[in-house]
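>>> A structural model of the following input is requested.
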Amino acid sequence: MRNVWVICRKELKSYFASPIAYLLMAMFAVIFGFFFWNVVGYFVIVGMQQQMGRGMPMNLNEMVIRPLLQNVSVIGLFLIPLITMRLFAEEKRSGTIELLLTSPLTDFQILFGKWLAAMLMYAAMLLVAGLNFVFLFAYGQPDWRPMLVGFLGLLLQAGGLLALGTFISTLTKNQIIAGGATFGVCLLLWVMEWVTGYETAEWAKVMGYLSVVSHFESFAKGVVDSKDIVFYLSVIFFGLFLTARSLESLRWRA
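Residues are numbered from 1 along each chain as shown. Have a look, this model is predicted:
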């Protein structure tokens, strides 16, 4: 694990030594802050209307936290390609990929270290979202357990997409191509569930099951379902497995 951590620290330094990390976190903070302001504002207005009409009390978790977690998932769809596009593409562009592959490091240590750095970068972005939720605890009484489950789901979902993006980054030396291809794959996995809205055949059910959105719904509700965890872990394993095979091919050619 020591070599994995060395690769991970190297990648994290490259993120924060350039404007990449700060730009991503700033973009995430602005977009999520806008979502937070709108959802909380709507909750307050509806709450005032219900108080005047003496309606049923509203659930802060259902009306605020759950939609916000789903919005974080949407933001990640656009930012994850920006995190992974440079992992191996930059190494190939600068010519350091040969040095990396001929080092005494194993393929697993290289790919897992880079993927772990991408995960930590995404986790740092989630901390920005967590800071907004502090205001909910300061002025309300939300249930923190569904929130933690939701963040676990976000990390697992991002882990699978980051693993696929890591693999795509090994296929080209152009970061723009790597980012665009990763976004295309992420978007496809996002919208595959739409087929189940008008088709009930078995192939449609399979496509719906492969959608990363359908497996996040239970996490957004605060429910930990083993089948969803297995799905996300399978996507992570599949993405890292493809990355290992791609690195093996690069090592052989080097």
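>>> okay, CA-based contacts and neighbour counts for the rest of this
OK.
>>> what are the ranges of the helices in the stretch 51-200 of the chain?
Ranges of helices in the stretch 51-200 of the chain, per DSSP state H, counting those that start in this stretch, are 60, 66-84, 89-94, 97-101, 107-139, 144-169, 175-191.
>>> so how far is the fifth one from its chain's centroid?
How far helix 107-139 lies from its chain's middle: 9 Å, per Cα atoms, centre = their mean, to the nearest Å.
>>> and what of stretch 136-153?
Centre-to-centre, stretch 136-153 and its host chain are 19 Å apart (Cα atoms, centre = their mean).
>>> My read is that Phe183 contacts Ile75, right?
No - using Cα atoms under 8 Å, Phe183 makes no contact with Ile75, being 11.8 Å away.
>>> These two: which is more packed in?
Phe183 (21 against 15; other Cα atoms under 10 Å).
>>> List the residues that contact the more buried one.
77-78, 80-81 (Cα atoms under 8 Å, 6 or more residues apart in numbering).
>>> Just the buried subset of the residues you listed, written out for ChimeraX, thanks.
To isolate the buried ones among the contacts of Phe183 in ChimeraX, judged by 16 or more other Cα atoms under 10 Å, type:
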select :77,80,81
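>>> would you turn the contacts of Phe183 into a markdown table with distance to Leu101 and pLDDT?
Listed next are the contacts of Phe183 as a markdown table, based on distance: Cα to Cα, whole Å; pLDDT from 0 to 100:
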| residue | distance to Leu101 | pLDDT |
| --- | --- | --- |
| Leu77 | 30 | 86 |
| Phe78 | 30 | 88 |
| Ile80 | 25 | 92 |
| Pro81 | 24 | 92 |
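>>> Of the contacts of Phe183, just say which sits nearest to Glu62.
Nearest to Glu62 out of those is Leu77 (Cα to Cα; 22.5 Å).
>>> what's the nearest residue to that closest one if we skip its chain neighbours?
Of all residues not flanking Leu77 in the chain, Cys186 sits nearest, at 6.5 Å (Cα to Cα, 6 or more residues apart in numbering).
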